[in-house]
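Enquirer: I'll drop the sequence and a predicted model, then ask my questions.
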Amino acid sequence: MGHVDFLAVIVAAGSGQRAGPGGAKQWRPLRGRPVARWSLEALLAAGARRVVVVIAPGDEAVAAAAFAGLAGWRLAPGGATRDRSVIAGLEALDAAADDIVLVHDAARPLVETRHIEALIAALAHADGALPALAVADTLKRAAPGAEVTATVDRAGLWRAQTPQAFRAGRLAAAYDAWPAGESPTDDAAVVERYGGRIVLTAGDPRLMKLTYPEDFAMADLLAGDATATRIGQGFDAHRFGPGDGVWLCGVLIAHDRALIGHSDADAGLHALTDALLGAIGEGDIGDHFPPSDPQWRGVASSVFLTHAAELIAARGGRVVNVDVTLICERPKIKPHRQAMRARLAELLGLPLDRVSVKATTTEAMGFTGREEGLAAQAVASVELPG
Ligand code: MG
């Protein structure tokens, strides 16, 4: 679906006492990022025009630190209960009645664009939409003391998750009409009570709520599953010309000829740079370093590789492994392979066993066989946040 404009409220005002020691759960780290930041980043990445994060009074500094570097959010002080906090967030959001607003619990950090898109699509024919999971376990009712008093029919029962999507005017009106003294546990219940039609979208175990201390370990596992593995491949060739050495994979090898090119003509680094760029869909080396630009004349090709690696890091990704094959009759590559691997490992910040350099000839056939030039191909595996 195309881009849809929406606003969001993240409820991060809880004290999280059930989550054990270590402070409120929304500010604790999950894989190096505060829990609440995961949701804010996800909503902004999905296209949220504005996000209000409702926090407990006194949490302003910890929130500002948690969201450092992000734009498009503001804070609002929460109330004594979740519903009071949502109302405060809606007021701070300053939305038009027709605006789509998503209300999300900060304690559900693993929300993704696809969840949000499904909710907004469902809102086209409903007054509210929420992700929900069918109840799979048999449900028991038990008295204090753990004695079972009944088995509850689970047919038609669903576990409500967030974010939940509404039109801002409808949600605000529903909260206005909500009886004082009652505390709804989600926002859909409020619109429901007001006569709104609520629909379910596909829930996701990844939308789990961090409630108990052990939930952090589960979320950590699920967050790890979020990484997407990408593959990129590259190919390059350069012509031999007069000279006394060739650059290959960042290593200068003595030879009776040189490789001709705009930069240092390091076909190994060029193929590998294209593989990294390919893995993240960032075009090719010529897009980033046009041959027409004189500043790249004679430059060390390590600059190109480092740039591609930085683009991956900027997306929160990492290079998993790389594999380069050099294709030539001469110079002989084998004596230099370990130095090439070490240089590539150094440039990419990888352990040696994740860097491979191989070589082959073409049995005297073709342009490499006739020693007119040298070719290189490379593949790279990259992990990006899912
Ligand atoms: Mg090249």
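Expert: That came in fine, so what should we check first? Numbering: from 1, shown residues only.

Enquirer: smallest gap between the stretch 101-250 of the chain and the ion, at which residue?
Expert: For the stretch 101-250 of the chain and the ion, the shortest gap (CB to the ion) falls at residue 236, measuring 4.2 Å. The way it works is simple: take the backbone N, C-alpha and C, and place the C-beta from them, glycine included.

Enquirer: which other residues reach the helix or strand that contains that residue?
Expert: Element membership for residue 236, per DSSP states H and E: strand 228-242. For strand 228-242, contacts defined as CB atoms under 8 Å, 6 or more residues apart in numbering pick out 257-261, 265, 267-268, 270-280, 284, 317, 320, 367-368, 371-386.

Enquirer: what do you get if the cut-off is 7 Å, keeping everything else the same?
Expert: Contact partners of strand 228-242, identified using CB atoms under 7 Å, 6 or more residues apart in numbering, comprise 257-261, 265, 267, 270-280, 371-384, 386.

Enquirer: pull up the pairing partners for that strand, direction included.
Expert: Strand 228-242 pairs in its sheet with strand 257-260 (antiparallel), strand 373-384 (antiparallel), by DSSP bridges.

Enquirer: closest one to residue 311 among those?
Expert: Ranking these by proximity to residue 311 (CB to CB) places strand 373-384 first, at 10.1 Å.

Enquirer: ok, back up a step: go back to the contacts of strand 228-242 and keep what's next to the ion.
Expert: Counting by CB under 5 Å from the ion, the subset of the contacts of strand 228-242 that neighbours the ion consists of residue 270.

Enquirer: and the contacts of strand 228-242, which are buried?
Expert: Restricting the contacts of strand 228-242 to buried positions leaves 257-259, 261, 265, 267, 270-280, 373-384, with burial counted as 16 or more other CB atoms under 10 Å.

Enquirer: point me to the residue of the stretch 1-150 of the chain nearest the ion.
Expert: residue 45 (34.1 Å).

Enquirer: model confidence for that residue, exactly?
Expert: We have a pLDDT of 89 for residue 45.

Enquirer: quick check: it touching residue 114?
Expert: No - look at residue 45 against residue 114 with CB atoms under 7 Å: they stay out of range, at 11.4 Å.

Enquirer: give me the element the residue in the chain positioned nearest to the ion is part of.
Expert: Residue nearest to the ion within the chain: residue 270 (3.6 Å; CB to the ion). When elements are assigned from DSSP H and E, residue 270 belongs to helix 267-279.

Enquirer: can you name the element that comes right after that helix?
Expert: Following helix 267-279 in sequence, per DSSP H and E, is helix 285-288.

Enquirer: got the contact list for the residue of the stretch 1-150 of the chain closest to the ion?
Expert: Applying CB under 7 Å, 6+ apart, the residues near residue 45 are residue 113.

Enquirer: phi, psi for it please.
Expert: The phi/psi pair for residue 45 (degrees, to the nearest 10) reads phi -60, psi -30.

Enquirer: please renumber so the chain begins at 40
Expert: In the new numbering, first residue 40, that becomes residue 84.

Enquirer: now do the contacts for the residue of the chain closest to the ion.
Expert: Contacts were defined as CB under 7 Å, 6+ apart; by that measure residue 309 touches 275, 324, 340, 343.

Enquirer: greatest separation within the residues you listed: which pair is it?
Expert: Using CB to CB, the contacts of residue 309 span at most 10.7 Å, a distance reached by 275 and 343.
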